[in-house]
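Enquirer: coordinates for the following, if possible.
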Amino acid sequence: MMIQPILILYTSALLAFNGCTPKPTPAAADATTQTVVPPAQAQPLKTGAEQLDLYLPVLQGKRVGLIVNQTSMVGQTHLVDTLLSRGVQVATIFAPEHGFRGQADAGAHIKDAKDQKTGLPIISLYGSNTKPTPEQMKGIDVLVFDVQDVGTRFYTYSSTMHYAMEAAAENNKPILILDRPNPNGNYVDGPVLEPALKSFVGMNPIPIVHGLTLGELAKMINGEKWLAGGRQANLTVIPVANYTHQTAYTLPVTPSPNLPNMQSIILYPSLCLFEGTTVSVGRGTPTPFQVIGSPYYTKKDFSFTPQSMPGAASPPHKGEVCYGLDLTQPTDAQPFTLAYLLEMYQNSTQKDKFFNNFFEKLAGTPELRKQIIAGKTEAEIRASWEPALTNYKQLRRQYLLYPDSE
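Expert: This is a model prediction of the structure:
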């Protein structure tokens, strides 16, 4: 089955952004009477999943495989229940990292299971099975991907999408992406991934903050032939209506246990690099990815002690006092920066043990560790990201579905 590209969707979306303000009504002949016409109200944002009329016809009569988690909502109803209520034959649920309900700790092994509500089989796409197998694809006519991302290269939902596209291409099945906004989609920053460091926390040669929705990234992956063997998936994207890359978007559902609010989501691009160091990012506290610290930080103004809790069963430095920085105030939520990383390294009593082997995979380059150890400034380090970062920004423009100022 071939899904035809829904080009009209892109045109409609652009029309919604441009020229939507009516002209004022001319004043009446009576000079004392004026008619004031209020400006047109901004059209409400609608995710791809909420635009059922655009994709339900494609799914009718097909066996559907859904790649979804707790963020896959249509209003107050999960996409699985929404589709079942409309007679769509859902065959299989595939779950990314953190599981179908989004409650598992980062990196935790997710077991295959059965959904208690619907009885549908749930197949994990995290751990040993990151890509749907040919056997798992046999009972499926079309794959549908609907997961909320946060716009960083190392957030693994985009890797799951990459492998889903690859499985679809290899098994001659179409894939439908129901697009969602990128809460960090208003800028592009960070080093571009070097191919030698490709991993599940970095699949494609893009910067740490890539400035794309997953629908746009899927178009880039396809267009640049980044799937194995240079294959291209039969891809359709249902865009977000009335969205631009400057649209402020607060996620209605937390995307994973340790990103509980917008403060953590905005700080995540900068703080995730600490996962490759001895510094805690606050897992096992009420404020994950909003505080950072370690027992080896020399300044003692702020401290916290990680403990076991849902979503952080065995957090780094569990039960140890960690000294560091409190970033919970809104003014601390700034775009990607190396300032926190440089501060924690420069004031660590154990610089020789500061980094671990995971750091290079997160950074996407072996140079960042060397530059920090050498005492380079952030400005000097940023200069080394060129021309790759500028080249990426130019490439990105080819795949944008939404107005952008980058």
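
Enquirer: which stretches of the stretch 201-350 of the chain form strands?
Expert: Remark: strands assigned in the stretch 201-350 of the chain by DSSP state E, counting those that start in this stretch are 207-209, 235-238, 291-294, 303-304, 322-326.

Enquirer: and of these, who's closest to residue 87?
Expert: With distances scored as C-beta to C-beta, the stretch of the strands of the stretch 201-350 of the chain nearest to residue 87 is strand 235-238 (19.0 Å). Quick note: C-beta positions are derived from backbone N, CA and C, even for glycine.

Enquirer: figure out which of the strands of the stretch 201-350 of the chain is closest to residue 72.
Expert: Distances from residue 72 to each of these were compared by C-beta to C-beta, and the smallest falls on strand 235-238, at 13.1 Å.

Enquirer: please compute how far the closest one lies from its chain's middle.
Expert: 17 Å (C-alpha atoms, centre = their mean, to the nearest Å).

Enquirer: report how many residues lie close to the residue lying closest to residue 175 once chain neighbours are set aside.
Expert: With sequence-adjacent residues excluded and distances taken as C-beta to C-beta, 6 or more residues apart in numbering, residue 175 is closest to residue 168, at 4.0 Å. Applying other C-beta atoms under 10 Å, we find 25 other residues in the vicinity of residue 168.

Enquirer: go on, residue 294?
Expert: Other residues lying near residue 294 total 23 when counted by other C-beta under 10 Å.

Enquirer: residue 314 now?
Expert: By the criterion of other C-beta under 10 Å, residue 314 has 11 neighbours.

Enquirer: was I right about it contacting residue 306?
Expert: No. Taking C-beta atoms under 8 Å as the definition, residue 314 is not a contact partner of residue 306, at 9.4 Å.

Enquirer: measure the residue nearest to residue 175 to residue 286 for me?
Expert: Going from residue 168 to residue 286 by C-beta to C-beta, to the nearest Å gives 40 Å.

Enquirer: I'd say residue 91 and residue 138 touch.
Expert: No. Under the contact definition of C-beta under 8 Å, residue 91 does not touch residue 138, with a separation of 9.8 Å.

Enquirer: of those two, who's got more company?
Expert: For residue 91 versus residue 138, neighbours defined as other C-beta under 10 Å are more numerous around residue 91 (18 against 11).

Enquirer: look at the more buried one and tell me its secondary structure.
Expert: Secondary structure of residue 91, reduced to three states by DSSP: H, G, I helix; E, B strand; the rest coil: strand.

Enquirer: which residues in the stretch 201-350 of the chain form helices?
Expert: When secondary structure is read from DSSP state H, counting those that start in this stretch, the stretch 201-350 of the chain shows helices at 214-223, 262-271, 339-346.

Enquirer: keeping just the C-alphas, turn the second one into PDB.
Expert: Pointing back at helix 262-271 there. Output in PDB follows, covering the C-alpha atoms of helix 262-271 (Å, rounded to 0.1, in the frame of the first residue of the first chain):
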ATOM      1  CA  MET A 262       9.100  23.100  31.100                       C
ATOM      2  CA  GLN A 263      12.000  24.300  33.300                       C
ATOM      3  CA  SER A 264      13.600  20.800  33.000                       C
ATOM      4  CA  ILE A 265      12.800  20.600  29.300                       C
ATOM      5  CA  ILE A 266      14.500  23.900  28.500                       C
ATOM      6  CA  LEU A 267      17.600  23.000  30.600                       C
ATOM      7  CA  TYR A 268      17.800  19.500  29.300                       C
ATOM      8  CA  PRO A 269      20.000  20.300  26.200                       C
ATOM      9  CA  SER A 270      22.600  21.800  28.500                       C
ATOM     10  CA  LEU A 271      22.400  19.400  31.400                       C
END
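
Enquirer: the strands of the stretch 201-350 of the chain: which one's closest to residue 359?
Expert: Proximity to residue 359 (C-beta to C-beta) singles out strand 207-209 among the strands of the stretch 201-350 of the chain, at 12.8 Å.

Enquirer: looks to me like residue 169 is in a helix.
Expert: Yes. Secondary structure of residue 169 (three-state DSSP): part of a helix.

Enquirer: in the stretch 51-200 of the chain, what spans have low per-residue confidence?
Expert: 98-113 (pLDDT under 70).

Enquirer: let's see 50
Expert: Counting by pLDDT under 50, the stretch 51-200 of the chain contains low-confidence residues at 102-109.

Enquirer: all the helices of it, residue numbers only.
Expert: Using DSSP H, counting those that start in this stretch, the helices found in the stretch 51-200 of the chain span residues 52-59, 79-85, 134-137, 157-170.

Enquirer: residue contacts, the residue most central in space within the chain?
Expert: With distances taken as C-alpha atoms, centre = their mean, the chain has residue 149 as the residue nearest its mean C-alpha position (2.2 Å). Contacts here follow C-beta atoms under 8 Å, 6 or more residues apart in numbering; on that basis residue 149 touches 155, 157-158, 180, 182, 213-214, 255.

Enquirer: measure residue 170 to residue 223 for me?
Expert: 18 Å.

Enquirer: more crowded one of the two?
Expert: When residue 170 and residue 223 are compared on other C-beta under 10 Å, the one with more neighbours turns out to be residue 170, at 18 against 13.

Enquirer: these two touch, right, that one and residue 134?
Expert: Yes. The pair formed by residue 170 and residue 134 meets the contact definition of C-beta under 8 Å, at 7.5 Å.

Enquirer: show me the domain layout of the protein.
Expert: 7-17+44-249, 262-388 (automatic domain parsing).

Enquirer: out of these, which gets nearest to residue 397?
Expert: Using C-beta to C-beta as the measure, domain 7-17+44-249 is the one of those that comes nearest residue 397, at 10.2 Å.

Enquirer: distance from the chain centre to the closest one, please.
Expert: Taking mean C-alpha positions (C-alpha atoms, centre = their mean), domain 7-17+44-249 and its chain are 10 Å apart.

Enquirer: do stretch 368-383 as well
Expert: Averaged C-alpha coordinates place stretch 368-383 at 27 Å from its chain's average position (C-alpha atoms, centre = their mean).
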